[in-house]
Structure formats: C-alpha cells, structure tokens
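1. all I have is the shape, not the residue letters:
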C-alpha cells in the first residue's frame, strides 16, 4: 500500500484554480460565520467532499458488481 501524504500547492493547482486554492486556504483562519457562509456553495469544502464520496461509492459498487460476475 502506498502511504498517503498531503498534496503540494503545485499539485492542487493542476486540478483547481488559484481562486479555489486561496478560498480553501482562507478556511484555516476563518470565523464560524465565514465558514457558515461558505456552506453549500458549489466549491465549498463540504460540497467537494460530497462529490468525492459519491465518486468513491460509485466505484465501490462497480467493483462489487465486477467481483460478483467473476464469481458466477
């Protein structure tokens, strides 16, 4: 298994804009109100995590289906 690590800024910028990166960086020092204001926005941390989770679930379902087909 490959150990996980934090992505570098350069790696993040390969798939996200500077604006998104700066917005996520600003959450480190944001107040509770500022974080609440970001909730539900298309590029919020929560929204991004939900999309990732849904992608993982779809992938796992595909793997289960493939494994089931191989068994029978």
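-> Good, I have the coordinates. This structure is a prediction, so every number in the text was calculated from the model and none was measured.
2. could you point out which residue ranges in the protein have low pLDDT?
-> 40-52, 54, 71-72 (pLDDT under 70).
3. one more pass at 90, please.
-> Along the chain, the parts satisfying pLDDT under 90 run over 1-7, 12-72.
4. and the strands in it, which stretches?
-> Counting by DSSP state E, no segments of the chain form strands.
5. so what's residue 30 closest to, chain neighbours aside?
-> residue 38 (7.7 Å; CB to CB, 6 or more residues apart in numbering). For every residue, glycine as well, the C-beta is placed using N, CA and C.
6. what's the burial count for that neighbour?
-> Residues lying near residue 38 (other CB atoms under 10 Å) number 17.
7. hmm, it is touching residue 27, no?
-> Yes - judged on CB atoms under 8 Å, residue 38 makes contact with residue 27 at a distance of 7.2 Å.
8. helices along this structure, start to end?
-> Along the chain, counting by DSSP state H, helices occupy 9-12, 18-26, 32-38, 45-71.
9. in a markdown table, list those along with distance to residue 3.
-> Below are the helices of the chain laid out as a markdown table (distance: least, CB to CB, whole Å):
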| stretch | distance to residue 3 |
| --- | --- |
| helix 9-12 | 16 |
| helix 18-26 | 23 |
| helix 32-38 | 30 |
| helix 45-71 | 19 |
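10. so which of those is nearest residue 2?
-> Distance to residue 2, taken as CB to CB, is lowest for helix 9-12 among the helices of the chain, at 14.8 Å.
11. what's in contact with that closest one?
-> residue 21 (CB atoms under 8 Å, 6 or more residues apart in numbering).
12. just how off-centre is it within its chain?
-> With CA atoms, centre = their mean, to the nearest Å as the basis, helix 9-12 stands 14 Å off its chain's centre.
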